[in-house]
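Enquirer: starting from these lines, generate the structure:
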Amino acid sequence: MAIALSLETLPTAATELLATIFTADELRMSTKAEVEHKILSMVTKLATEHGLTLKGAEQKTLLAELLAAAQETIGQIGDHDPIAKTSKDKQDNKKALFDAKNRIQNMLMEHIDPAAAAELPRPELAEQVGEVVGELLVQEKINLNLKEQRDLVSLLLDDMLGLGPLEPLLADESISDIMVNGPTQVYVEQHGKLTLTDVTFRNNQHLMNVAQRIVTAVGRRVDETSPICDARLLDGSRVNVIAPPLAIDGASISIRKFKKDKITLDKMLEFKSISPPLGKLLKIAGACRLNILISGGTGSGKTTMLNALSRMVDKGERVVTIEDAAELQLQQPHVVRLETRPPNLEGQGEITMRDLVKNALRMRPDRIILGEIRGGEAIDMLQAMNTGHDGSMGTLHANRPREALTRLENMVNMAGLHLPPKAIREQIASSLDLIVQVQRMRDGGRRTTHVTEVVGMEGDVITTQDLFKYEFTGEDESGRLIGDFVSTGVRPHFLTKAAYFGLERALMEAMNG
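Expert: Got it, this is the predicted structure:
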């Protein structure tokens, strides 16, 4: 029997019903007027069912309460700018800090030796800078409390030693990506979702100084003559910088942060990125020295999957990794890491991925791992896979396994060898064993959507078979997608290879779920 509502309990009952008439996506796609209309219909129906009459003022107050509750508990209405995270007090406090920093920064530099300061440990330097800052604040009649003074010293040290305003974002382990779009707009990715931060740079020059500091640390440069650069931070985080005149609104910096905790296939199970049978299949594929291509879109977790699969490499094997900007985190003791080099100011001295793959073949590798296949190095990689370097791996940008094969074929053509299409496909079919397709879903989670085996050739077509597929079934109350990793039940083509390594039974158990 339903409990009768009164005018006092109606707001609570109506708030509880909001989640039944809206999802976060529905709110985002609606206008405020549409949401108000739906809420008003729901409230009117609820009041009528319980014999209640709402006056104009009561209705207006209740509608405002429910609108606020919908945005707080479900999501933002429409596609207008999200409400700023910080209160006005915090913004005023931050402005006061930056004003104080701008006023005393140059004076501070007159009191300390930058070269000597760079040699000191940060805590010791912070103590010395703190004393000077205290005197300067008194001298300039700037009133800051103790906490604000400590924050000011941190800001000054970040500018002197680190990457300025980016330092707090780099220290936050919940942030996986940092995207700087000019001096006044910095986004981060947290838990798979993009968020605008309140971090800003003083001006375009301040931003360029930080970009220069990043790239010069790894012997590269970024300026008007060379406006695009890939680099890495000391902790291994991957950085891409594109500077004016190519970046119209000021330099753009994209940082893919280095994960301190190593992601393994077992951890992927905890995140529900894979299922136990699928995880077992991937472990067997790595141990059986299959040649594996990991395919996916930007930010889908290709490098993470490559790192996880590389844990199956035997510790006695010699592994050569080749990347544009070194970011792989292999755990084996015998790893040689190679990195490409851009041309110098005269346009000389460039070392490409193709050069490094060719050289790697002379280094007696057991496996070659390519951070990302982008061009003509695809043919060298395929030949390496086909000439005794079983168990080699690489990543590639593509949305589906069949599309990955097409892209691979196109990249072989980029080498300029003018091979007939059938010859290229035969090379791919004989070299590649497995394609692992990863995808970032709309809930921010990364999942392995396909594990596809390359079987061989039929006429002019490469034949493949899916071993596992992810089938989406719905979403839970928190908006997280629900689905199943379904085994297709086919007999894997690499079963004989698994038998050679004594893993035939384990492979069939994985396929049978």
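
Enquirer: now do the end-to-end distance for stretch 231-246.
Expert: Its first and final residues considered, stretch 231-246 spans 18 Å by CA to CA, to the nearest Å.

Enquirer: for it, what is the average pLDDT?
Expert: When pLDDT is averaged over stretch 231-246, the result is 87.

Enquirer: can you check stretch 453-462 too?
Expert: For stretch 453-462, the mean confidence score works out to 93.

Enquirer: likewise for stretch 15-28?
Expert: Stretch 15-28 carries an average pLDDT of 82.

Enquirer: report the distance from that stretch to the chain centre.
Expert: Centre-to-centre, stretch 15-28 and its host chain are 29 Å apart (CA atoms, centre = their mean, to the nearest Å).

Enquirer: just the CA trace of the one helix or strand Leu136 maps to, in CSV.
Expert: Secondary structure assigned from DSSP states H and E places Leu136 in helix 122-139. Included here for helix 122-139 are C-alpha records, laid out as CSV according to Å, rounded to 0.1, in the frame of the first residue of the first chain:
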residue,chain,number,x,y,z
ARG,A,122,64.1,21.4,-2.7
PRO,A,123,63.3,21.4,1.1
GLU,A,124,66.6,23.3,1.8
LEU,A,125,65.9,25.8,-1.0
ALA,A,126,62.3,26.2,0.2
GLU,A,127,63.6,27.2,3.6
GLN,A,128,66.0,29.8,2.2
VAL,A,129,63.5,31.2,-0.3
GLY,A,130,60.8,31.3,2.5
GLU,A,131,63.1,33.6,4.6
VAL,A,132,63.8,36.0,1.7
VAL,A,133,60.1,36.0,0.7
GLY,A,134,59.1,36.9,4.2
GLU,A,135,61.4,40.0,4.2
LEU,A,136,60.2,41.0,0.7
LEU,A,137,56.5,40.8,1.7
VAL,A,138,57.1,43.1,4.7
GLN,A,139,59.2,45.4,2.5
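
Enquirer: can you pull the buried residues of that helix?
Expert: By neighbour count, with 16 or more other CB atoms under 10 Å as the criterion, the buried positions of helix 122-139 are 125-126, 129, 132-133, 136-137. In short, each C-beta sits where N, CA and C put it, glycine included.

Enquirer: helices and strands around it, which ones?
Expert: helix 88-111, helix 114-119, helix 146-161 (3 or more CB pairs under 8 Å, 6 or more residues apart in numbering; DSSP states H and E).

Enquirer: off-centre distance for that helix?
Expert: Centroid separation for helix 122-139 versus its chain: 37 Å, with CA atoms, centre = their mean.

Enquirer: residue numbering should commence at 638 henceforth.
Expert: Done: numbering now begins at 638, and the last item shifts to helix 759-776.

Enquirer: any idea how far the spatially closest residue to Glu1014 that is not a sequence neighbour is from Ile1016?
Expert: Beyond its immediate neighbours in the sequence, the residue positioned closest to Glu1014 (CB to CB, 6 or more residues apart in numbering) is Met990, lying 4.0 Å away. With distances taken as CB to CB, to the nearest Å, Met990 is found 11 Å from Ile1016.

Enquirer: can you list the domains in this protein?
Expert: As assigned by automatic domain parsing, the chain contains the domains 647-710, 725-893, 902-1148.

Enquirer: next one: the shortest one to chain centre, how far?
Expert: Pointing back at domain 647-710 there. For domain 647-710 - counting by CA atoms, centre = their mean - the centre lies 37 Å from the chain centre.

Enquirer: got it, and the second one?
Expert: When C-alpha coordinates are averaged (CA atoms, centre = their mean), domain 725-893 and its chain have centres 22 Å apart.

Enquirer: try the last one
Expert: Once both centres are worked out by CA atoms, centre = their mean, domain 902-1148 turns out to sit 18 Å from its chain's centre.

Enquirer: now the end-to-end length of stretch 828-848.
Expert: Between the opening and closing residues of stretch 828-848 there is a gap of 26 Å (CA to CA).

Enquirer: identify the residue nearest Val836 in space, chain neighbours excluded?
Expert: Using CB to CB, 6+ apart, the closest residue to Val836 is Val823 (4.3 Å).

Enquirer: quick one: residues contacting the one you found.
Expert: The contact partners of Val823, taken as CB atoms under 8 Å, 6 or more residues apart in numbering, are 802-803, 806, 815-817, 833-834, 836-837.

Enquirer: now do Thr1089
Expert: The contact partners of Thr1089, taken as CB under 8 Å, 6+ apart, are 1038, 1071-1072, 1074, 1101-1104.

Enquirer: PyMOL command to pick out the buried ones of those?
Expert: What follows is the PyMOL syntax for the buried subset of those, where burial is set by 16+ other CB under 10 Å:
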select buried, resi 1038+1071+1072+1074+1101+1103+1104
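
Enquirer: just the contacts of Val823 now: which is nearest Ala1066?
Expert: Proximity of the contacts of Val823 to Ala1066, judged by CB to CB, is greatest for Met816, which lies at 38.8 Å.

Enquirer: what about the closest one, neighbour count?
Expert: Here the neighbour count serves as a burial measure; for Met816 (other CB atoms under 10 Å) it reads 18.

Enquirer: give me the sheet partners of the helix or strand hosting it and which way each runs.
Expert: Assignment of secondary structure by DSSP H and E places Met816 within strand 812-818. Based on DSSP bridges, the strands next to strand 812-818 in the sheet, each with its direction, are strand 823-827 (antiparallel), strand 889-893 (antiparallel).

Enquirer: buried ones in the last one?
Expert: The neighbour-count criterion (16+ other CB under 10 Å) identifies 889-893 as the buried residues of strand 889-893.

Enquirer: packing partners for the helix or strand that it is followed by?
Expert: Heading C-terminal from strand 889-893, the first helix or strand you meet, by DSSP H and E, is helix 902-907. Judged by 3+ CB pairs under 8 Å, 6+ apart, helix 902-907 is in contact with helix 913-924, helix 939-947.

Enquirer: now helix 902-907 - C-alpha only, PDB.
Expert: Extracted C-alpha coordinates of helix 902-907, given in PDB (Å, rounded to 0.1, in the frame of the first residue of the first chain):
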ATOM      1  CA  LEU A 902      46.600  -8.100 -16.800                       C
ATOM      2  CA  ASP A 903      45.500  -9.100 -13.300                       C
ATOM      3  CA  LYS A 904      44.900  -5.400 -12.400                       C
ATOM      4  CA  MET A 905      42.900  -5.100 -15.700                       C
ATOM      5  CA  LEU A 906      40.700  -7.800 -14.300                       C
ATOM      6  CA  GLU A 907      40.000  -5.700 -11.200                       C
END
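
Enquirer: what comes into contact with that helix?
Expert: Under the criterion CB under 8 Å, 6+ apart, external residues in contact with helix 902-907 comprise 898, 911-913, 916, 919-920, 945-946, 948, 1085.

Enquirer: and if you look at stretch 799-811?
Expert: Outside stretch 799-811, the residues touching it (CB under 8 Å, 6+ apart) are 791, 795, 812, 815, 817, 823, 825, 827-828, 834, 836-838, 843, 846-847, 850-851, 870, 872, 874, 890, 892, 894, 897.

Enquirer: just the buried members of these?
Expert: 791, 795, 812, 815, 817, 823, 825, 834, 836-838, 843, 846-847, 851, 870, 874, 890, 892, 894.

Enquirer: low pLDDT regions in the stretch 838-987 of the chain?
Expert: 897-898 (pLDDT under 70).

Enquirer: show me where the stretch 988-1137 of the chain has helices.
Expert: For the stretch 988-1137 of the chain, the helices identified by DSSP state H, counting those that start in this stretch occupy 990-997, 1014-1022, 1038-1050, 1058-1068, 1132-1137, in order along the chain.

Enquirer: winner for burial among those?
Expert: helix 1014-1022 (a mean of 24; mean count of other CB atoms under 10 Å).

Enquirer: separation between the residue nearest the centre of the chain and Arg875?
Expert: Nearest residue to the geometric centre of the chain (CA atoms, centre = their mean): Gly936, 4.3 Å. Gly936 sits 11 Å away from Arg875, going by CB to CB.

Enquirer: one more: Ile851?
Expert: The separation that Ile851 has from Arg875, given CB to CB, amounts to 11 Å.

Enquirer: likewise Asp860?
Expert: Plainly put, Asp860 is 21 Å away from Arg875 if you go by CB to CB.
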